[in-house]
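Peer 1: build the 3D model from these lines:
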Amino acid sequence: MTTQSRGTDDLRGLPFYLISRFVVVLLVVVATEHGVALFEEHAFVPLLERMATRAGTAGAYTTTSAASTLAWIATLMGFLAKANYLSAAGIALQSAFVGIVLLMLVVLALPVAAGAAVFSFLVARRVRAIQEEREREVQELEQRRNRFMTDIAHDLRTPLMAIGGMAHALDDGLVRDKQTHDEYVRAICSKTDKMSELVSTVFDYAKLGSGDFALEREDVDLSQLLLREAALAYTDMESVGMEFDVRVDEKPCVVHADPVQLARVVSNLLANAARHNEAGTVVLLELDRKAGVACVVVADTGRPLLGDPQKLFEPFAREDGSRSAEGSSGLGLSICKEIAQMHGYDLFVAQPYGSFCKAFVLKCAVV
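Peer 2: Residues are numbered from 1 along each chain as shown. Predicted coordinates:
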């Protein structure tokens, strides 16, 4: 789920595309018309002036309709029959004069017609491309929805089957040993907690992607927020044998954001680093201040990411592109990406990052 699709971007850019193409086509048409007018002025106008002088004594005959054409032919034949060749030549020249004028008008109209045809082609091609992009997005959305439901069903069915099996064994009295009985109970509680966590995470993910969720923005001191999250994560890092390096000074760094959701992003990134790296890994939390922006960096010295790192932000994804790792819902990074986009921030992967193997970077606008 993303807050803005490629098709929506194309639709918003359509007015600019149409105006820019119209201006270009109009300039080409005007330039062409000017060239045609100059050509006709030098090529046809002198000829028309000579023809008008020679046919000046002839009657006014036109050939703009079928009736007048027949009348012109009858008159011309009458002059020829009477051997009045001068009058016959006069009306012939006058009709040629009219024909050349009409030809000049047609030639002048050709650039306008060609410009209209080219502009119509460009508009039709652009609209067709947008329609095709929207159709692809709909197909991708449908595939993602189906995969989303399949993955949820898989992650719920596996612990449910285990819980059901152990519960039936306990209910049927098949577990008589006290130690085994207690292990079954603890396993049931553990798997129930994981299912509850998954359902809550899926609910949060769906809520973020709906149109009903709104951020509660306020001015937030990003430095203090990061230091609080670092203090909360320190015990978890220590418990898995990781070294936690915090490079955040207490100098105020104010951003306009939802403090709860922003803290959630930082917490998820730190939890992700602790979950997917081995003991002895150095995890870095850094605030990198630049002109107008502040970058929150969560880096580590663990294994490099395989494949396309951007796919990690898709639901239920992991670095090898398969199902999410055991013990993880596979939605944490997707939720982080969604929250970042709702704020107008950018969340991306940098690999490598200085002396660190990889880093997740949240780029925020500073007030």
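Peer 1: contacts, neighbours, all on C-alpha from now
Peer 2: Noted.
Peer 1: would you map the helices across the stretch 251-367 of the chain?
Peer 2: Ranges of helices in the stretch 251-367 of the chain, per DSSP state H, counting those that start in this stretch, are 259-275, 332-343.
Peer 1: what about the residue lying closest to residue 202 once chain neighbours are set aside, how many neighbours?
Peer 2: Using C-alpha to C-alpha, 6 or more residues apart in numbering and skipping the chain neighbours, the partner closest in space to residue 202 is residue 331 (7.5 Å). Burial of residue 331 is recorded as 23 neighbouring residues (other C-alpha atoms under 10 Å).
Peer 1: and what of the one 10 residues further on?
Peer 2: One way to gauge burial is a neighbour count; for residue 341, by other C-alpha under 10 Å, it gives 15.
Peer 1: for the stretch 101-250 of the chain, what spans make up the helices?
Peer 2: So, for the stretch 101-250 of the chain - with DSSP H, counting those that start in this stretch - the helices run 178-209, 222-239.
Peer 1: the longest one to helix 332-343, inter-axis angle?
Peer 2: I take that to be helix 178-209. Helix 178-209 and helix 332-343 are oriented at 20 degrees to each other (axes from the mean of the first three to the mean of the last three C-alpha atoms, to 10 degrees).
Peer 1: tell me which residues in helix 178-209 are buried?
Peer 2: 181, 184, 187-188, 191-192, 194-195, 198-199, 201-202, 205, 208-209 (16 or more other C-alpha atoms under 10 Å).
Peer 1: where are the low-confidence patches of the stretch 151-300 of the chain?
Peer 2: 209-212 (pLDDT under 70).
Peer 1: if we go to 80?
Peer 2: 151-152, 154-155, 194, 197-198, 201-202, 204-213 (pLDDT under 80).
Peer 1: how far is stretch 118-125 from where the chain is centred?
Peer 2: Stretch 118-125 has its C-alpha centroid displaced from the chain centroid by 22 Å (C-alpha atoms, centre = their mean, to the nearest Å).
Peer 1: just stretch 300-318 next, same as before
Peer 2: 21 Å.
Peer 1: just the CA atoms of it, as PDB, please.
Peer 2: Extracted in PDB, the C-alpha atoms of stretch 300-318 (Å, rounded to 0.1, in the frame of the first residue of the first chain):
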ATOM      1  CA  ASP A 300      24.700  -2.200  11.300                       C
ATOM      2  CA  THR A 301      27.800  -4.300  10.600                       C
ATOM      3  CA  GLY A 302      25.800  -7.400   9.800                       C
ATOM      4  CA  ARG A 303      25.200  -9.300   6.600                       C
ATOM      5  CA  PRO A 304      24.600  -7.300   3.300                       C
ATOM      6  CA  LEU A 305      21.200  -7.300   1.800                       C
ATOM      7  CA  LEU A 306      20.600  -9.600  -1.200                       C
ATOM      8  CA  GLY A 307      18.400  -8.700  -4.200                       C
ATOM      9  CA  ASP A 308      16.500  -5.500  -4.500                       C
ATOM     10  CA  PRO A 309      16.600  -3.700  -1.100                       C
ATOM     11  CA  GLN A 310      13.400  -1.700  -2.000                       C
ATOM     12  CA  LYS A 311      11.400  -5.000  -2.000                       C
ATOM     13  CA  LEU A 312      12.000  -5.200   1.800                       C
ATOM     14  CA  PHE A 313       9.300  -2.500   2.200                       C
ATOM     15  CA  GLU A 314       6.700  -4.800   0.600                       C
ATOM     16  CA  PRO A 315       4.400  -6.700   3.000                       C
ATOM     17  CA  PHE A 316       5.600 -10.100   4.200                       C
ATOM     18  CA  ALA A 317       8.900  -9.600   2.300                       C
ATOM     19  CA  ARG A 318      12.500 -10.400   3.400                       C
END
